[in-house]
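A.B. asks: Can you look at this prediction? I've put the sequence above it.
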Amino acid sequence: MERLEGRVALVTGAASGIGRATARRLAEEGAAVLLTDVNESLGAETTEQLKATGARVDFLRHDVTSEADWQVAVDQAVEEFGSLDILVNNAGMGDLAAIEDTTLADWERTISIDQTGVFLGMKTAAPHLKASGHGSVVNISSIFGTSGGFGGSPAYHAAKGAVRTLTKNIALHWAADGVRVNSVHPGFIDTPILEQAKGTPIEQAMLDVTPMGRLGRPEEVAAGVAYLASDDASFVTGSELYIDGGFIAK
């Protein structure tokens, strides 16, 4: 199925995990994709693998906290592929520190990547998304953008909660412009970031609080992103899509 034929997407944090799976899925559905990440070697490797399948893709090193980097990324997508129709704000970082142990520098770094990066992406891409005629933004939040989780990691929760409400605000602001803006809220997904938890009590705790009793797969999140990016979701904006094995339903 090529629901995204002729569309151009920019996916941040695309070198691995959910971003990598998303870039692959969007390309499989016909989109040209600019993958961006701060990990140049892994990003280039992912891009070459996709090119080998015939996908129209390219890679750019991109720090989402930098307004200048955002302008370069958006300009490259438009210049290389002709437009920008889909923006997936996926780049992010985790933070497990309790509030007593969170320094101001730690707080500001997490907010800058997980929250400000999303703001900068939408702001920079705005003219092209509005010109698209079928612009779609998918912001990757988290179950912890809605839930207090296990306690701890206040910066991460604050940032992902901000992404949730920022998504709704911009969805309303852009509704008349034909640009849809939605958030995806993954639960515990089997990505490299969880590798250190494998076989530990932490992994078991994640399984215990997930009603379906397993970790999600990056491809399952990517499928939800592809839906929201496509015209199948043409009447969907300001919504939250939970891909969490039932975590939030409890």
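C.D. replies: Perfect, thanks for sending it.
A.B. asks: for the chain, where's the lowest mean pLDDT among helices and strands?
C.D. replies: The least trusted helix or strand in the chain, going by mean pLDDT, DSSP states H and E, turns out to be helix 201-208, with a mean of 92.
A.B. asks: For the nearest residue to residue 233 once chain neighbours are set aside, which three-state class applies?
C.D. replies: Distances taken as CB to CB, 6 or more residues apart in numbering put residue 227 closest to residue 233, at 5.6 Å, once the chain neighbours are dropped. Every C-beta, even on glycine, is put in place using the N, C-alpha and C of the backbone. When classified by DSSP: H, G, I helix; E, B strand; the rest coil, residue 227 comes out as helix.
A.B. asks: Tell me where the model's unsure across the chain.
C.D. replies: Low-confidence regions of the chain, defined here as pLDDT under 70, cover residues 1.
A.B. asks: So which residue is smack in the middle of it?
C.D. replies: Geometric centre of the chain, nearest residue: residue 90, 2.1 Å, by CA atoms, centre = their mean.
A.B. asks: Now do the end-to-end distance for stretch 83-98.
C.D. replies: Stretch 83-98 has an end-to-end distance of 43 Å (criterion: CA to CA, to the nearest Å).
A.B. asks: same thing with stretch 47-65?
C.D. replies: From the first residue to the last, stretch 47-65 extends over 22 Å; the measure is CA to CA.
A.B. asks: for that stretch, which positions count as buried?
C.D. replies: For stretch 47-65, burial by neighbour count (16 or more other CB atoms under 10 Å) applies to 47, 50, 55, 57, 58, 59, 60, 62, 63, 64, 65.
A.B. asks: picking that back up, identify the residues contacting the least confident helix or strand of the chain?
C.D. replies: Contacts of helix 201-208 from elsewhere in the structure, counted by CB atoms under 8 Å, 6 or more residues apart in numbering, are 150, 188, 194, 197, 213, 214, 215.
A.B. asks: Cheers, nothing more for now.
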